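Engineer: pasting a predicted model and its sequence here:
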Amino acid sequence: MKKVRRKEVIYRAGDPAEALYHLERGLVRIVEILPDGRQLTLRHVLPGDYFGEEALSERAYRYTAEALTEAAALAVDAKALSADELRSLAGSLASQMVQVQAYETHLQWGELRSRICRYLLYLASTAARGQDERGVFVTASHEEIADATASTRESVSKLLSDLRHEGTLDTGYRKIYLANHSALELEAESRVLQAV
C-alpha cells in the first residue's frame, strides 16, 4: 500500500510504468504538464478507481499522478490480474471515461465563473470535502482550481474574491467554504459535475 500526502506525486510522466494502482482512499488527479510548464488536469481518480493504466501496455507513464488529499493506493501487478480483477478494471475505466467526457463538457461550456462554481461543487462530492464549525468546505489551491478549469491562478483568485465578497464563498487557511450552496448551484448553471 502506497500512502501519500496532499500534493505528493505518485508517479511522473516518463517514469517506468511498473504498476497499475487501485485507489483505496483519497482523491488523486491525473495531469499533463504542458510545454509552458502549466498543468492541465485530465481527470480525477476516486476511491475504488484504477489509474496508471499505462502499466497494461506501455513502458512509461504518459501523465503525472498527484494526490489532492491524503491518499492510499494499492500497487497492482498488471500481468497478474485475475478475470474478476480485469472485469473490475474494465468497469472502473468505463466509469472514468464517462467522468472524462462530463469533464470535457465542463471545460468547454460556460464562463470561467460558472466553471469554477461547477468544479467547487464537484470537489464537494469527493474526498476533498470537509466540514467544521464554519460549515462545508473543499480543500483546493487557486492553482489547482486554475488547472482544472483551463484558466490562470490570477483569474481564479479574482473570481474567488468576487464570490467571497458576494457571500457565496468564504475562505480559511487552505479551505474554501461553500457559504451559499444555492447561489453556487445557480452560478454553476445547474449543470454540476458528478463524481461517478
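Structural biologist: Everything's here; your move.

Engineer: tell me the domain ranges of the chain?
Structural biologist: Domain segmentation of the chain under automatic domain parsing yields 2-107, 111-187.

Engineer: look at the nearest residue to Val138 once chain neighbours are set aside and say how many residues are nearby.
Structural biologist: Excluding the flanking residues, the one nearest Val138 by CB to CB, 6 or more residues apart in numbering is Leu123, at 4.1 Å. Every C-beta, even on glycine, is put in place using the N, C-alpha and C of the backbone. Using other CB atoms under 10 Å, Leu123 has 26 neighbouring residues.

Engineer: so who does Leu123 touch?
Structural biologist: Going by CB atoms under 8 Å, 6 or more residues apart in numbering, Leu123 touches 129, 138-140.

Engineer: among the residues you listed, which ones are in strands?
Structural biologist: Secondary structure from DSSP state E places 129, 138 of these in strands.

Engineer: and the helix-or-strand element of the chain with minimal mean pLDDT, what other elements does it pack with?
Structural biologist: Using mean pLDDT, DSSP states H and E, helix 83-108 stands out as the lowest-scoring helix or strand of the chain, at a mean of 79. If you count contacts as 3 or more CB pairs under 8 Å, 6 or more residues apart in numbering; DSSP states H and E, helix 83-108 packs onto strand 39-45, strand 50-51, helix 112-123.

Engineer: save the ones you listed as a markdown table, and put in mean pLDDT and distance to Lys79 too.
Structural biologist: What follows is the helices and strands packed on helix 83-108, written out as a markdown table (pLDDT from 0 to 100; distance: least, CB to CB, whole Å):
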| stretch | mean pLDDT | distance to Lys79 |
| --- | --- | --- |
| strand 39-45 | 88 | 21 |
| strand 50-51 | 92 | 15 |
| helix 112-123 | 91 | 34 |
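
Engineer: can I get these in JSON lines with distance to Ile176?
Structural biologist: Below are the helices and strands packed on helix 83-108 laid out as JSON lines (distance: least, CB to CB, whole Å):
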{"stretch": "strand 39-45", "distance to Ile176": "16"}
{"stretch": "strand 50-51", "distance to Ile176": "25"}
{"stretch": "helix 112-123", "distance to Ile176": "6"}
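
Engineer: Ala90 is nearest to which of those?
Structural biologist: Evaluated with CB to CB, the helices and strands packed on helix 83-108 place strand 50-51 nearest to Ala90, the distance being 9.5 Å.

Engineer: coming back round to it: just give me the closest of the contacts of Leu123 to Asp15.
Structural biologist: Ala140 (25.2 Å).

Engineer: so how far is Arg113 from the residue nearest to the spatial centre of the chain?
Structural biologist: When the chain is reduced to its mean C-alpha position, the closest residue under CA atoms, centre = their mean turns out to be His44, at 3.5 Å. Going from His44 to Arg113 by CB to CB, to the nearest Å gives 21 Å.

Engineer: nice, that's everything, thank you.
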